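1. output the structure for:
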Amino acid sequence: MHPVLIFLFALLCILFFTAKLRLHPFLSLVLVSVFTGILAGEPLATIEAITGGLGNVFSRFAIIITCGSVIGLLLQHTGGTSLIASDIIRFSRNPLLALNLLGFLFSVPLMCYILAYVIFIPIARELAARLDNPSISTATALALGAVASFNLVYPSPVVISAAEELSANTERLFILGFLIAVLTSIAGYLYAKRLGKTQAEDTFNRTKKKKAEIHEKNTEIYKNAAGTPNLLEAYSPIFFPLLLILLKAGFEHPHPVLVFLGNPNIALLIGVILSLFSGKKLGSFVLRELLEKAVRRSGVVLLDLCGGGALGATLAMTGAGEALGQLFLQLSLPHILVPFLVAAALQTVQGSRIVTMLIAPSLLLPLIPELGLPSEILILSMASGTFVISHVNDPFFWIFGELAELEPSEVFRSNTLGSALMGIVSFLLVSAVYIFFY
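-> Numbering: from 1, shown residues only. You can find the predicted model right below:
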């Protein structure tokens, strides 16, 4: 079967299993991965692709997700997230925009928009409860801000490899990418704001009622907590790991100790230790209960992530990305649209923005003389394509939904559509720069 048809078949199967049959996402993703490999005529290679995809995702995210889950839950029940949320409300006239800015500012220094989201999502959820905003709105504002800078601003991992391969002017690339990313992030914030206003009233009321019930239950369970945390207890589990990671990134040749401590896995484990010190006031029994709950929750997230990794690896094995790319290259399209569509096709197939920008320049390299585009415009056009389309084979799709406690349909409406909107806005801005300044 043609790789493009295999890709379409995989998408339809995923939608059928998850939306119609309500099958667990992990089982749906693994089953579709098996079907995809069989249709490609590579049943034995499929097993290797699935296990390899599972393993790669688990090794990248297991410690980060588990630590993030522990820190978030302990801060919630010791009052840390409430204190931070109060400070954001006090010092910011627009907390939703402040969340968007947090994601935007920390995504590139952390070299991982997923890590930025994992760190700040407990604050986003607390703000949603405190301001009576839908959690879908606060989570979307945070996520889209993080994705905007990660996809467009040099030296993000998304941009840096393409810049080196295409010998781009990095200063010009940084300035253009930053300005376009700021406007694109604002578009994401406006979408998140609109999303909160258009949420169905009955759904919002049910969410508030559920939150009230959970809050009442938690108040009963954790009523023995000794007072509210001080500033150090509230902020250190989140911002001390951030400081270690940023210090490591800030030195060209950091000391080996800083390399070790600034590794995101180690930094977040230190954050867990700090949150445990703050959580001692809850008592040993409650603390153990919370730790077990956090680890169980992270396990559910990791299973969905690993399923997405399996599908992405299997689709990459079929050659669907290259087939879609060649299809776009053969059409008589405006030259600036070609790199955008090639990157969008690759992103839709395999789910990783970094992988997309590793493959896309190689596909376009023979066509650069024919396209006649400046390298900065070519790179930013491709980077705009990496916003499109985040769906079930993108690990962030599942992280976003699980940590924000959203259904897959809500993730499609918030993360997928919001990212696609930002991709279009970013591409239009890149096109405007090309038309008016080149």
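2. can we go C-alpha only for contacts and neighbour counts from here?
-> Will do.
3. list the helices and strands the strand or helix carrying residue 403 packs on?
-> Take DSSP states H and E as the rule and residue 403 turns out to sit in helix 395-404. The helices and strands touching helix 395-404, judged by 3 or more CA pairs under 8 Å, 6 or more residues apart in numbering; DSSP states H and E, are helix 113-130, helix 135-152, helix 284-318, helix 408-411.
4. just the pLDDT for residue 296.
-> Predicted confidence (pLDDT) for residue 296: 88.
5. again with residue 202
-> 42.
6. now do the strands in the stretch 151-300 of the chain.
-> Using DSSP state E, counting those that start in this stretch, the stretch 151-300 of the chain contains no strands.
7. for the closest residue to residue 264 other than its chain neighbours, what are its contacts?
-> Closest residue in space to residue 264, ignoring its immediate chain neighbours: residue 245 at 6.4 Å, by CA to CA, 6 or more residues apart in numbering. Neighbouring residues of residue 245 by CA atoms under 8 Å, 6 or more residues apart in numbering: 109-110, 261-264, 267.
8. pretty sure residue 128 is touching residue 140, no?
-> No - Residue 128 is beyond contact range of residue 140, at 11.3 Å (criterion: CA atoms under 8 Å).
9. quick one, which of these two is more surrounded?
-> Taking neighbours as other CA atoms under 10 Å, residue 128 and residue 140 compare with residue 140 leading, 34 against 21.
10. and the pLDDT for the more buried one?
-> We note a pLDDT of 96 for residue 140 in this prediction.
11. circling back: out of the helices and strands packed on helix 395-404, which is closest to residue 437?
-> Ranking the helices and strands packed on helix 395-404 by proximity to residue 437 (CA to CA) places helix 135-152 first, at 18.7 Å.
12. what packs against the closest one?
-> Here helix 135-152 touches helix 95-107, helix 113-130, helix 157-165, helix 170-198, helix 375-385, helix 395-404, helix 417-437, going by 3+ CA pairs under 8 Å, 6+ apart.
13. rank the ones you listed by pLDDT, which is bottom?
-> Minimum mean pLDDT among the helices and strands packed on helix 135-152: helix 157-165, a mean of 83.
14. list the buried residues of that helix.
-> Going by neighbour count (16 or more other CA atoms under 10 Å), the buried part of helix 157-165 is 157-163.
15. format these as CSV; extra columns: distance to residue 116.
-> Output for those, formatted as CSV (distance: CA to CA, whole Å):
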residue, distance to residue 116
157, 14
158, 15
159, 18
160, 19
161, 21
162, 23
163, 23
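16. nearest to residue 144, out of those residues: which one, please.
-> residue 158 (15.5 Å).
17. surely the closest one and residue 357 touch.
-> Yes - between residue 158 and residue 357 a contact is recorded at 5.9 Å, counting by CA under 8 Å.
18. give me the common contacts of the two.
-> residue 383.
19. which residues are in contact with residue 18?
-> 24-25, 28.
20. of the residues you listed, buried ones?
-> Buried subset of the contacts of residue 18 (neighbour count, 16+ other CA under 10 Å): 25, 28.
21. pick the one among the contacts of residue 18 closest to residue 377.
-> For those, the nearest to residue 377 is residue 25 (37.5 Å; CA to CA).
22. which residues sit in contact with the closest one?
-> 18, 304, 307.
23. again, but for residue 188
-> The neighbours of residue 188, taking CA under 8 Å, 6+ apart as the test, are 140-141, 144-145, 418-419, 421-422.
24. please repeat the previous calculation with a cut-off of 7 Å.
-> 141, 144-145, 418, 422 (CA atoms under 7 Å, 6 or more residues apart in numbering).
25. worst mean pLDDT across the helices and strands of this structure, which element?
-> In the chain, the helix or strand scored least confidently by mean pLDDT, DSSP states H and E is helix 201-221, which has a mean of 49.
26. and the closest residue to residue 144 other than its chain neighbours, how close does it get to residue 383?
-> In this structure, residue 144 finds its nearest non-sequential neighbour in residue 188, 5.5 Å apart by CA to CA, 6+ apart. Distance check for residue 188 against residue 383: by CA to CA, to the nearest Å, it reads 16 Å.
27. next: residue 266.
-> 30 Å.
28. do the same with residue 248
-> Residue 248 is 26 Å from residue 383, by CA to CA.
29. pick out whichever of the two has more residues nearby.
-> Higher neighbour count among residue 248 and residue 383: residue 383, with 32 against 22, using other CA under 10 Å.
30. and that one, what does it touch?
-> 151-152.
31. residue 26 against residue 307, yeah?
-> Yes - using CA atoms under 7 Å, residue 26 is in contact with residue 307, at 4.9 Å.
32. higher neighbour count, those two?
-> In this view residue 26 and residue 307 are compared by other CA under 10 Å, and residue 307 has more residues nearby, 30 against 19.
33. still on that earlier bit, save the contacts of residue 188 as TSV, and put in distance to residue 11 and neighbour count too.
-> Converted to TSV, those look like this (distance: CA to CA, whole Å; neighbours: other CA atoms under 10 Å):
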residue	distance to residue 11	neighbour count
141	27	35
144	23	32
145	27	33
418	19	27
422	22	27
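34. skipping adjacent residues, who's closest to residue 261 in space?
-> residue 267 is the one closest to residue 261 (CA to CA, 6+ apart), at 5.7 Å.
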